[in-house]
Structures are given as structure tokens and as C-alpha cells.
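Novice: Starting from these lines, generate the structure:
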Amino acid sequence: MHDERATVVSSTPDAPWLPIGSIAETLLGGSVPRPMGLVRLLVQVDGRLFCTRRDGSGKLDLPTAYVGTGDPDGSVAIAALMRRVTGGGQVPRYLGAVRNTVPRPSPGYDWPTPVAYFGVWTTDADPVVPGEWLHSGPPSVLAERHWFSLLSMGDQ
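Specialist: So this is what the prediction gives:
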């Protein structure tokens, strides 16, 4: 297993956004797992997070990119996202991931099954694209994001 050293920081059995009988878990650390579905870039300064608008919904979230089929660990996608958001120059650090375990896929669930990962990398580089800085403390509009529990754990 690719995340044998990862720590489970939150778990949502029967997650309402997943097919029935599935579980969503947030994992801190470990090696970069596979298959990666999305990559996110966490840029945090003084308790504020750099966010951009999600494609489709327009909700604010960490800068995000889809991972292509030939990129199982998301390394190509995160490098491209890093170049787009910060201009490149630094290598981001893997923080953790959300793991969806979906034993029985259903229509509309377009991620790999039975397991898919949605990774978060962090950097100290400054963004070079437009975005918004949101506070990470309560009450944060980002608290509903599945990756949010990584914030407090990532400092340990």
C-alpha cells in the first residue's frame, strides 16, 4: 500500500457525497499514493490561504488541477499547477490526501474505484495569478472542504 506511513486524521463512513457504502478519509503524510484524481496547492501566509475559483461551481478553493491517466501519482499535474500558480522555481512538498474508498461505483461517480486519492501539496512560493486570501481560522468558509483537517495537522 502506498500510504503505509500516513496518519488518518479524519474519517467519514457512508460519506453523503459518495456512493452508498463508501468512506472518505483524510490522510496526513506518507508517500504519495496512487491513483491520484486531483492535486491541490496550499499556499498559506499568516493564517490566510490563497484560493481561486473552482471550475464549474465558482466556489473558492485551493488551486486545483485534474490528473491525467498517464500520471498515476499526480507528479506531472502538481508540477504544472505549481508553474501556473507560482511561476515555478520551487518543488512543492506533499502534505496529504483525501482517500475515497468506493466499493460499488454508481452513475455520476467519475473517479477511480475502489480507491481514489485527492492530494494536497504545500509551498512557500508566492502566487503570480489572481486569487483571494481567506482566513483559515473559524469560521472559515473552507471548513467544509474535505482537505481542511490537514491544516491543523500539517503543522505538527
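
Novice: Average pLDDT for stretch 109-119, rounded please.
Specialist: Across stretch 109-119, pLDDT averages out at 96.

Novice: This protein: helices as residue ranges?
Specialist: When assigned using DSSP state H, the helices of the chain occupy the ranges 75-86, 150-154.

Novice: Any idea which of the ones you listed gets closest to G47?
Specialist: Proximity to G47 (CB to CB) singles out helix 150-154 among those, at 9.6 Å. (C-beta placed from N, C-alpha, C; glycine too.)

Novice: Based on its surroundings, how many neighbours for the nearest residue to A24 once chain neighbours are set aside?
Specialist: The spatially closest residue to A24, leaving aside those adjacent along the chain, is A15, at 4.1 Å (CB to CB, 6 or more residues apart in numbering). Counted by other CB atoms under 10 Å, the residues lying close to A15 total 19.

Novice: Next: D46.
Specialist: Burial measure for D46: 7 neighbouring residues, criterion other CB under 10 Å.
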